[in-house]
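Student: Okay, here's the prediction I keep looking at, along with the sequence it came from:
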Amino acid sequence: MFQSRGVLAPFRALERAIAPSTLRVASYSTSILSSQRPILSAITANSTTASSSTTLPRTNTTRLLSPSTPSLLTFLTQQQVRHASHASQGTANRHSRDPAGKRLGAKRSAGEYVVPGCIIFKQRGTKWWPGENCGMGRDHTIYSEQSGYVRYYLDPERHPKRKYIGVVFEKDGKLPTPRNAVTRRKLGRVAVRFDPADLPNRQPQEQPQSADLVAEITEEGTTVGSVPAAAVDEGLQFRPGYMYREANWSIGRIAERAGVTADVHSRKNRWLAWRRRQARRDRTAQMKSLKRQKKSGRKAKN
Amino acid sequence: MRTTLSPILASLANVFRIPLSQTASRPAATAALSRFNGSSNESSKKSTTAAAMSSTRQFSTTSALSKRKGGYQRPDRRITMIRYFLHHPLTPRPLRFSRNRFLRHWTIHRAWHLFQAQQRRAHHLELERQWHAMRAACEELRTGAGDGGKLFRKSMIKTGIFKDLFPIEYGRLQTESPSSEGWNHDWKRMK
Amino acid sequence: MAHCERASKPLLQCLQKTYTKGLPGLQLQSTRAFQTTALAREEVQTETKSQPFYRAPDPELVTNPRLERQLLRQGVAPVGSRRRRAALSDSLNIPFEQLPYQCFQEARKVLLADREEKLRDITSMREKIARLEALTTEQAGGEQVKKSKLRAMELHLDYLKVQADINDPLVKRKFEDGQGDMSKPIYRFLADRKWREYRRKVLVQRITQMKVVPDVVQSCDPTLDTKLYFGRRQIQPGEFVDSKASTEAPKLDVQMFEGGEKLVTIAVVDSDVPNVEKDSFDYKMHYLAVNVPISAVNTKVDLGQLPTDSQVVLPWVPPVAQKGSPYHRLSLLIFEQKESQSLDFAAIKAKEKRRENLHCRTLQDRYHLKPIGAFLFRTQWDDSMYEVMKSIGYPDAEMELRRKRAERLPYKRRNPANMR
């Protein structure tokens, strides 16, 4: 039922469209259409009885009828539309579905020396877990937290199945350590003398001074500390960034010192808001027109 | 996008005010859905809107965040399920008692459990006693009957018990005791 | 529940008063074997009842505004709202056990019968134990056999004692009100169960996550509920304590859940003393006391008030943390002395003089100690730390610890031939 109707429909249209022109075509080019002749005749013969012949080679018909029947052409091309699912079959090697590699895997192998922050393993999900002196990043990347030597190990006492990555301090250190052994840690700090006068509660009568960060490079390494900032009254100071200027916080307080006060913004004051918006629009329009003038002026010059 | 939607889920969604993202790709399905929900939808709409006005705050801390991102987001499905089961009429209401009443309730509860435990224990002991008695009788039969244990051996032969006929006592469900009304003498076979 | 408890407490008291007064016959039937408090209350009742109500108004029942004012002038505030007091004074005052609910009364009968049975079991078990103790070792079948038998019997006796009372609603109520008598096994059992439900879990989590367990002691299975107070402030396990607050020795509230008395050793260890030369951490013993008696009823231990001539080996030193150093864990450990025998104080005092690097493991090995309680608080640099350091004469008060810059990995030149 379904099939017969589906097949029949194009023929009905065909019939309607062809009826005036078939005879003409047949009379024009008998030599070319010798192979198609019996079918065409069949069509013309069937046009009155409306019985279908299923063996119509459609492409040939279109080629044959294309110049004379544009409406029929569009109809037939609609029938032949290709859906997107079929189009993707075209590429042989599927470049679109084969993304670039993500460069996952071990970045440091077992026994290699690492420093804090050194990425040891990149992974999707937790194929490996962070063990001793290691941390795990937001994307499950394992990185070291101490300088030492990388170990890949299992720790059945901690978890029966997980694989761990750890960092030991000695070249021949072993992991996992026993559960009840004292944890091995490093201080990683140097002792530096500081001035107790800087402590906040030592001189409560003094004004709290702002401070700037400075780096100090010595033989042991670089230490970052704070130095007290100069007072505001002393004028411009040499600041990090190689310039003489005021401190940022004092720039931020200029308006306060100048006594500038701003009106309190009220959301309900739509009249003021409208005026401001209008002013802004006017200003924008003015700027735009100025720009246009400039451009046109330049063009005129050229 | 929800392409398949069982009618039960759809009606649940209707009850719990979950907006359905219906797409035009399946007009037949949506039409069927609306037909399915149609009758309850109109009647419940008024009441649910009133309820929604009162309960604008969801049971979630992320409501502000979702609001900031713009657009209404469907509440968490787990929350929906919790709400469903909590307010289901089959769910027993929580026990809210005054202190004395709670203590009374607790006393009764403990006593009931104690009583059950005692009964279980008594039953267990009784079974144990019976088992031992039977064992002692068999032993007596084996050693004290004076026939060299022949009778005992004969009685212990279990072959052929279930061969010709199924034991009649297994024909019905085994119970601890006979029924309370005993034998029904008025019973007649149905014609 | 707290509201309920508070609300029903006066009601209960009120009920008990009328109960003791009005129904002496019934009292005989249901008096608990070991409750002696009812008698005392009765005496008090008889004294106060001689006066009319307006002379000595009861703050729990007074409803008249004038009487209320009179009470307030005496410095006694009426309890609860006037509506509640009125309801209480109008109530029937039936004691809880006689409340006329059939199912409840039936349940009580079942529970009482069970209790009677348990009491009989207890007496028979006691007799059994006495009989076994009377036997000589040869008759009992050897030293070990007798010991293990006695131990099992005593455990069963404890179990029976708990089971006899565990279904009593009044015991439950008393425990919930915090009026349980810790000398009785049932209240100890309930307290232990409550402690294990939450507080012990938190404590164990803190001491394992902050690595007290492998760092200070090998293992610890806490069986004591320990609370720590600096001044009047209770410290939660693992909390940061202000340096000024910790200059004084803390007070302990050690709740034991077993009967009898125990002698314990209390130690406070700092396991994070920075050692810059070694680039690692040292230990320091901040406090050590031996032969401290604790029991289920005697729970308060003030570390600052213990006798220095018989118990305190190393007195309290305020914990300090240098500026810039990572936080210091101060772990308080309570060790059980072997078989609760007292240690030789003078010998320990002579031997343990150095606080630095005195490990708990060493002490455990030397004196056969077993950790039964633990606690943890932390210290870090704060505003008052410098003054505290100065006041105790800390030598490195003016030294600050700064992060060492980690050396970079050596630059590895890739093989250019490979790269091409």
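Tutor: Nice, thanks for sending it over. A quick note: this is a predicted structure, and the numbers were derived from the prediction, not measured.

Student: C-alpha from now on. contacts and neighbour counts both.
Tutor: OK.

Student: Chain neighbours aside, what residue packs nearest to residue A:169?
Tutor: Taking C-alpha to C-alpha, 6 or more residues apart in numbering or on different chains, and ignoring the residues beside it in sequence, residue A:169 has residue A:148 as its nearest neighbour in space, at 4.6 Å.

Student: Please report how far that neighbour lies from residue A:170.
Tutor: Going from residue A:148 to residue A:170 by C-alpha to C-alpha, to the nearest Å gives 7 Å.

Student: Just name whatever secondary elements the helix or strand harbouring residue C:378 is in contact with.
Tutor: In this assignment (DSSP states H and E), residue C:378 forms part of strand C:369-379. Here strand C:369-379 touches helix C:199-209, strand C:225-230, strand C:239-240, strand C:328-337, going by 3 or more C-alpha pairs under 8 Å, 6 or more residues apart in numbering or on different chains; DSSP states H and E.

Student: Out of these, which gets nearest to chain A?
Tutor: Proximity to chain A (C-alpha to the nearest C-alpha) singles out helix C:199-209 among the helices and strands packed on strand C:369-379, at 10.9 Å.

Student: circling back to that earlier point, hey, C-alpha coordinates of the strand holding residue C:378 in CSV?
Tutor: Extracted in CSV, the C-alpha atoms of strand C:369-379 (Å, rounded to 0.1, in the frame of the first residue of the first chain):
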residue,chain,number,x,y,z
LEU,C,369,52.9,3.1,78.5
LYS,C,370,49.9,2.6,76.2
PRO,C,371,48.1,5.5,74.7
ILE,C,372,44.4,5.5,75.6
GLY,C,373,43.6,9.2,74.9
ALA,C,374,44.7,11.8,72.5
PHE,C,375,44.0,15.4,71.8
LEU,C,376,45.4,18.0,69.4
PHE,C,377,45.6,21.7,69.1
ARG,C,378,47.7,23.9,66.9
THR,C,379,49.7,27.1,67.2
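
Student: what's the angle from the helix or strand following it to strand C:369-379?
Tutor: Using DSSP H and E, the helix or strand that follows strand C:369-379 in sequence is helix C:385-392. With axes from the mean of the first three to the mean of the last three C-alpha atoms, to 10 degrees defining the directions, helix C:385-392 sits at 130 degrees from strand C:369-379.

Student: List the contacts of helix C:385-392.
Tutor: By C-alpha atoms under 8 Å, 6 or more residues apart in numbering or on different chains, the residues outside helix C:385-392 that reach it are C:243-244, C:247, C:318, C:320-321, C:397.

Student: Do a quick rundown of the strands in chain A.
Tutor: Assigned by DSSP state E, chain A shows strands spanning A:105-106, A:113-114, A:119-122, A:129-130, A:134-136, A:142-144, A:148-154, A:163-168, A:189-193, A:211-217, A:222-228, A:237-239, A:243-245.

Student: Please report how far residue B:92 lies from chain A.
Tutor: Look at residue B:92 and chain A: by C-alpha to the nearest C-alpha, to the nearest Å, they are 41 Å apart.

Student: which residues of the stretch 151-300 of chain A score low on pLDDT?
Tutor: Along the stretch 151-300 of chain A, segments meeting pLDDT under 70 span A:201-234, A:299-300.

Student: picking that back up, reformat the helices and strands packed on strand C:369-379 as JSON lines; add distance to residue B:109, mean neighbour count and mean pLDDT.
Tutor: As requested, the helices and strands packed on strand C:369-379 are exported to JSON lines (distance: least, C-alpha to C-alpha, whole Å; neighbours: other C-alpha atoms under 10 Å in any protein chain shown; pLDDT from 0 to 100):
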{"stretch": "helix C:199-209", "distance to residue B:109": "28", "mean neighbour count": "17", "mean pLDDT": "96"}
{"stretch": "strand C:225-230", "distance to residue B:109": "30", "mean neighbour count": "20", "mean pLDDT": "96"}
{"stretch": "strand C:239-240", "distance to residue B:109": "41", "mean neighbour count": "15", "mean pLDDT": "96"}
{"stretch": "strand C:328-337", "distance to residue B:109": "40", "mean neighbour count": "24", "mean pLDDT": "96"}
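
Student: would TSV of the strands of chain A with distance to residue B:85 and mean neighbour count be doable?
Tutor: Shown next, in TSV, are the strands of chain A (distance: least, C-alpha to C-alpha, whole Å; neighbours: other C-alpha atoms under 10 Å in any protein chain shown):
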stretch	distance to residue B:85	mean neighbour count
strand A:105-106	46	14
strand A:113-114	54	21
strand A:119-122	43	22
strand A:129-130	39	22
strand A:134-136	39	21
strand A:142-144	43	27
strand A:148-154	44	21
strand A:163-168	41	24
strand A:189-193	57	18
strand A:211-217	59	12
strand A:222-228	59	14
strand A:237-239	66	14
strand A:243-245	67	12
